[in-house]
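Peer 1: predicted structure and sequence below. I'll ask about it afterward.
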Amino acid sequence: MKKLLFTVLLGGFCALIQNVQATHTLNYHAWYKVLEDNPTSTKLEFHLNVFAECYYSNPQAARSDVMMGIYHPVTRKKITEVQLQYVQDEFLDDLMDESKVACYAKVELVNQFTLPKDSTLDRYIFQISTCCYANFFQNILASQSPGIFQEWEIPSNLPQGFTSAQLNSNTLYPLKSKTSAWLNFQESNGSFDSIRYEFSPALHDPDAPNYTIGYSSPQALVPHYAYYRQDYWHMQPFGVNVQHTLNDTGTLLISRNFAPGFHQVALTANYYWNGKAYAGLRYITAQIIPQLDPQLDLEVDDFSDSSLAVRTNLYNFNDFKLAQLYRAENRNGPYQAVRNLSVADSVFEDFPLALQDTAYYRIFAVNAIDTFYSDTVSGVVIPQQLDLDIKAIGIAQTSVMLGWTKTAYPQYIYYELFREELGQAGSDTLIYSGTGFSFLDQGLLSGTSYRYRIWTRNHSLWQSTDTLTAKTTGWRTSLEKAPEQAFQFYPNPSRDKLYFNSIPEEGIEVYGIAGRIMYSGNPGASLSIANWPSGVYLIRASGEVFRFLKTD
């Protein structure tokens, strides 16, 4: 007897294509088994478990009657058919404009078919489809037509008890990333020896070949890689050198540019049993929603004299793997990674940066299969006005209580307080260093005016406040003589020379702010600093440290 094959097709429900916000294939598990096989007939039992599913749309109608039938492979004449309605659609009227949520109840459909064998035919068409009122699934390019998207061949001589592969729903998830999608087609082998998967870029492109993407067996699932041609867009909207990877969870990752609109793909599966392949085919339609693409937000603000505040945010970012912030001195690079990012909002202070420098930033991010880059943004490091208020809180005969408040720029965390007696050039002396906000200056002369200044450090840079003058109470008596200044210098700030009243026997040492020694020895009455870079310098003399500012 000529071997008899049955071709089985499974159809998904149909919904109007307007405003559909996900891919809607039938959410199901399906399989069949052979109850009886004899010379005159084959008895099959088909199981279809439809699980609950909801979608948001404004369809013309969401009614969908599941129909299971056997048809002649040439004439399409119906041999037998069973119709089962399972969609809850009582509130959905035809041609309505209002968007609604439609849900589908869990239903298990079990049907048995006894098929007479015909020696003149090598197959029958076993079809499960839906009676639709719209054309979301345009699998046969006709409105109000069944959304057929699956088939497989069943040999006529299968033994009693043979069980097919368990066919899970084929779902194309286009919202996982901006330029790719997930195709879920997890299956079990059933009584087959193995399953080989192939992928076709479009349903109705006669020139588009199928490519092997992998196969599964009881031992392993082995991925392959396929590359598609680039010159067909309408029904095959794939890019150049598109990689399709089948991973070990049975999910096909489709990585290519998905233009907004509706696209169809086809997945074939050859089921092997006793060394022979039995073909299957499934169709899938997807809508891409551009506004739900992953977003990378990046902003840059001035922060301090040596840093910029970089604000980042990643959202609509599914299957997040890695994100990094990159910086460059020029817009065209080269860019270097400066920080790892998460999907949460974050603020990163990038320092140290030089004054007037421009820094360019971009975000590089990766999800399960795609790479994303943000727009490039820039920031300029500009001098910040020191926001520090120093006041004389209390004044006594021999002491001054000083306090200062920090109203902005929290990066200033270290302070140095200097005092200078008016009329005594070069008497600028460090009297406090630390992170506090007050200091009691004691042991002062009565009725004497003092000038105070605070220096504060912002990372590697120093800034100073305006000076504050405070005069102790009372009168200076003849017994209250000002202490002799063993070491004095002026002017401060200075542009080209420092002058000294006297030099200690051991000489002096001058240090740059980075700790590099600039001078050591006895300079005599003056020291030339004209060629030194502008900035803050420290003088060590007689065990004390003095500070001066070199200006341009």
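Peer 2: Sure thing, it's come through.

Peer 1: what's the local residue count around L440?
Peer 2: 13 (other C-beta atoms under 10 Å). C-beta here means a position set from N, CA and C on the backbone, and glycine is covered the same way.

Peer 1: please read the previous query as pertaining to F548.
Peer 2: F548 is surrounded by 20 other residues when neighbours are defined as other C-beta under 10 Å.

Peer 1: beta partners of it?
Peer 2: Beta-bridge pairing of F548 under DSSP bridges involves Y537.

Peer 1: distance check, it against K77.
Peer 2: Relative to K77, F548 is positioned 105 Å away (C-beta to C-beta, to the nearest Å).

Peer 1: and S41, by the same measure?
Peer 2: 18 Å.

Peer 1: neighbour count: the two, which is higher?
Peer 2: Legend: neighbour count by other C-beta under 10 Å for S41 and K77, higher for S41 (13 against 9).

Peer 1: contacts only, for the more buried one.
Peer 2: Neighbour list for S41: T114, L115, P116, K117 [criterion: C-beta atoms under 8 Å, 6 or more residues apart in numbering].

Peer 1: where in the stretch 201-350 of the chain is pLDDT low?
Peer 2: Under the criterion of pLDDT under 70, the regions of the stretch 201-350 of the chain flagged as low confidence span 201-268, 279, 281-294, 302-306, 318-319.

Peer 1: who's in contact with L440?
Peer 2: The neighbours of L440, taking C-beta under 8 Å, 6+ apart as the test, are S399, V400, M401, L402.

Peer 1: switch the cut-off to 6 Å
Peer 2: Under the criterion of C-beta atoms under 6 Å, 6 or more residues apart in numbering, the contact list for L440 reads M401.

Peer 1: and the next helix or strand past the helix or strand harbouring it?
Peer 2: L440 is part of strand 438-441, with elements assigned from DSSP states H and E. Of the helices and strands lying after strand 438-441 in sequence (DSSP H and E), the nearest is strand 449-458.

Peer 1: which helices and strands sit right next to that following strand?
Peer 2: Applying 3 or more C-beta pairs under 6 Å, 6 or more residues apart in numbering; DSSP states H and E, one finds that strand 449-458 contacts strand 414-421, strand 461-464, strand 468-471.

Peer 1: what about the closest residue to S346 other than its chain neighbours, how many residues nearby?
Peer 2: On the basis of C-beta to C-beta, 6 or more residues apart in numbering, the spatially nearest residue to S346 that is not a chain neighbour turns out to be T312, at 5.4 Å. With neighbours defined by other C-beta under 10 Å, the count for T312 comes to 23.

Peer 1: in a strand, T312, correct?
Peer 2: Yes - under DSSP: H, G, I helix; E, B strand; the rest coil, T312 sits within a strand.

Peer 1: any idea how many residues pack against K117?
Peer 2: Using other C-beta under 10 Å: K117 sits among 17 other residues.

Peer 1: from S191, how far out is it?
Peer 2: With the distance defined as C-beta to C-beta, K117 ends up 21 Å from S191.

Peer 1: grab the nearest non-local neighbour of S433.
Peer 2: Counting by C-beta to C-beta, 6+ apart, the nearest residue to S433 once its immediate chain neighbours are dropped is E416, at 4.6 Å.

Peer 1: quick one, what contacts the one you found?
Peer 2: E416 makes contact with L430, S433, W455, according to C-beta under 6 Å, 6+ apart.

Peer 1: any idea which of those is closest to E329?
Peer 2: W455 (30.0 Å; C-beta to C-beta).

Peer 1: and the closest one, how many residues sit next to it?
Peer 2: 19.

Peer 1: what pLDDT is listed against it?
Peer 2: pLDDT, W455: 77.

Peer 1: please verify my assumption that R419 contacts T448.
Peer 2: No - with contact taken as C-beta atoms under 6 Å, R419 and T448 are classed as non-touching, separated by 11.0 Å.

Peer 1: what's the overlap in contacts for those two?
Peer 2: With contacts taken as C-beta under 6 Å, 6+ apart, R419 and T448 have no neighbour in common.

Peer 1: from start to finish, how long is stretch 422-436 in a straight line?
Peer 2: The distance separating the two terminal residues of stretch 422-436, taken as C-alpha to C-alpha, to the nearest Å, comes to 26 Å.

Peer 1: who touches it?
Peer 2: Residues outside stretch 422-436 that contact it (C-beta under 6 Å, 6+ apart) are 413-414, 416-421, 439, 441, 449, 451, 485, 488-490, 492, 545-546.

Peer 1: swap the cut-off to 7 Å and go again
Peer 2: Stretch 422-436 is touched from outside by 413-421, 439, 441, 449-451, 482, 485, 488-490, 492, 501, 544-547, with contacts defined as C-beta atoms under 7 Å, 6 or more residues apart in numbering.

Peer 1: now, of those, which are buried?
Peer 2: Among those, those scoring as buried are 415-421, 439, 441, 450-451, 488-490, 492, 546-547 (criterion: 16 or more other C-beta atoms under 10 Å).

Peer 1: give me phi/psi at F348?
Peer 2: Dihedral pair for F348: phi -120, psi 130, per degrees, to the nearest 10.

Peer 1: so what's it closest to, chain neighbours aside?
Peer 2: V310 (4.6 Å).

Peer 1: likewise D345?
Peer 2: Closest residue to D345 apart from its sequence neighbours, by C-beta to C-beta, 6+ apart: N313 at 4.9 Å.

Peer 1: over to A392?
Peer 2: Distance criterion C-beta to C-beta, 6+ apart; nearest residue to A392, sequence neighbours excluded, is A470 at 4.2 Å.

Peer 1: neighbours of the one you found, how many?
Peer 2: 20.

Peer 1: show me what it is bridged to.
Peer 2: Y450.

Peer 1: R451 versus that one, what's the distance?
Peer 2: As for A470, its distance to R451 is 8 Å (criterion: C-beta to C-beta).

Peer 1: restricting to C-alpha, output stretch 357-375 in PDB.
Peer 2: Taking only C-alpha atoms (Å, rounded to 0.1, in the frame of the first residue of the first chain), the coordinates of stretch 357-375 have been written out as PDB:
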ATOM      1  CA  ASP A 357      37.800  71.300  29.100                       C
ATOM      2  CA  THR A 358      34.900  69.800  27.100                       C
ATOM      3  CA  ALA A 359      34.000  66.200  27.800                       C
ATOM      4  CA  TYR A 360      31.800  64.000  25.500                       C
ATOM      5  CA  TYR A 361      29.700  61.200  26.900                       C
ATOM      6  CA  ARG A 362      27.600  58.300  25.500                       C
ATOM      7  CA  ILE A 363      26.000  55.200  26.900                       C
ATOM      8  CA  PHE A 364      26.800  51.700  25.600                       C
ATOM      9  CA  ALA A 365      24.200  49.100  26.600                       C
ATOM     10  CA  VAL A 366      23.600  45.400  25.800                       C
ATOM     11  CA  ASN A 367      20.600  43.200  26.400                       C
ATOM     12  CA  ALA A 368      20.300  39.500  25.600                       C
ATOM     13  CA  ILE A 369      20.900  40.000  21.900                       C
ATOM     14  CA  ASP A 370      21.300  43.700  20.900                       C
ATOM     15  CA  THR A 371      23.700  46.600  21.400                       C
ATOM     16  CA  PHE A 372      22.500  50.200  22.000                       C
ATOM     17  CA  TYR A 373      24.200  53.600  22.000                       C
ATOM     18  CA  SER A 374      22.700  56.800  23.400                       C
ATOM     19  CA  ASP A 375      23.000  60.200  21.800                       C
END
